[in-house]
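# Next input, structure requested:
(one chain, ligands or ions: 1)
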Amino acid sequence: MRPRVASRRRRLTWQTQDERIEIMSSAQSLPLKCTGCQAEQNTPIVCIGCHTLYPVPQSADHFTLLGVPRKYDLDESELAASFRSIARNVHPDRFADQSEQMRTLATRLSAEVNRAYQVLRDPVLRADYLLELAGGPSAAEEREAPGELLMEVMELREELEQARARGDRTALERMQQALRTRRRRTLETIAVVAREIDSVDERTRRSMRRALNSLKYFDNLLAERA
Ligand SMILES: [Zn+2]
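You can find the predicted model right below:
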């Protein structure tokens, strides 16, 4: 059962020519209710029922914003559908004839929703984000890759260069394939930790960060192909 977080609500209101926009900022947990029409919402930023916009609560992470469960294994089509619905409803075009505050808010919310979707739709960025939410370390705090990796990458790069120099396409393709497999396996080990991110210790989180760092080496090697 999900604990309900008792929220402290702070209501901000302001008056425009012919409308009164109610802004509610709170650390409210799902399910959410629109203060305007009482309809249940799946996101804290827009009511699909009455098209009221709300600023992003400080406590809202990307998952909350997009109305999907906070976990690594997301249903991709559910995520995409939720994103499209929310993005449509906060789109600035919808608020073209409204007050400047509303238009500004719509623009900001659209940017936030897009950013959240870019992160959550990508397995690597999603794992990275879950790690950050769990307390890190961040990529800036832990720059190391697993110790044995650097040697391996150096050897791989040398082999790639040699294969390239003698124009051995078969060898190149075989190595590219091996690299992709290696990358996929690394992501699999990252996913294992990401699924239990809230219950792993700091040491495990640190090795997850190192594994995430190592993906960049593989990506760089794979990008060198051209
Ligand atoms: Zn509403």
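# Domain parsing of the chain, as residue ranges.
Residue ranges for the domains of the chain, per automatic domain parsing: 10-121, 137-223.
# Can you tell me which of these is packed in deepest?
Mean neighbours per residue, mean count of other Cβ atoms under 10 Å, is largest over those for domain 10-121, with a mean of 16. The C-beta positions use only the backbone N, C-alpha and C, and glycine is treated the same way.
# does it come close to the ion?
Yes - if you take Cβ under 5 Å from the ion as the test, domain 10-121 does meet the ion, through 34, 36-37, 39, 47, 49-50.
# now, which of the residues you listed sits nearest Phe63?
Using Cβ to Cβ, Cys47 comes nearest to Phe63 of these, at 18.9 Å.
# which stretch in the domains of the chain is the model least sure about?
Mean pLDDT is lowest for domain 10-121 out of these, coming in at a mean of 82.
# wouldn't Leu160 be in contact with Leu222 here?
No - the criterion here is Cβ atoms under 8 Å, and Leu160 misses it with Leu222 at 9.9 Å.
# sorry, back to before: from the residues of domain 10-121 next to the ion, which land in strands?
If you go by DSSP state E, those have nothing in strands.
# and the domains of the chain as TSV, adding distance to Tyr129?
Rendered in TSV, the data for the domains of the chain read as follows (distance: least, Cβ to Cβ, whole Å):
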stretch	distance to Tyr129
domain 10-121	5
domain 137-223	9
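# Could you check how far the residue sitting furthest away from the middle of the chain is from Leu172?
Most distant from the centre of the chain: Arg166, at 42.1 Å, with distances by Cα atoms, centre = their mean. Separation of Arg166 from Leu172 (Cβ to Cβ, to the nearest Å): 10 Å.
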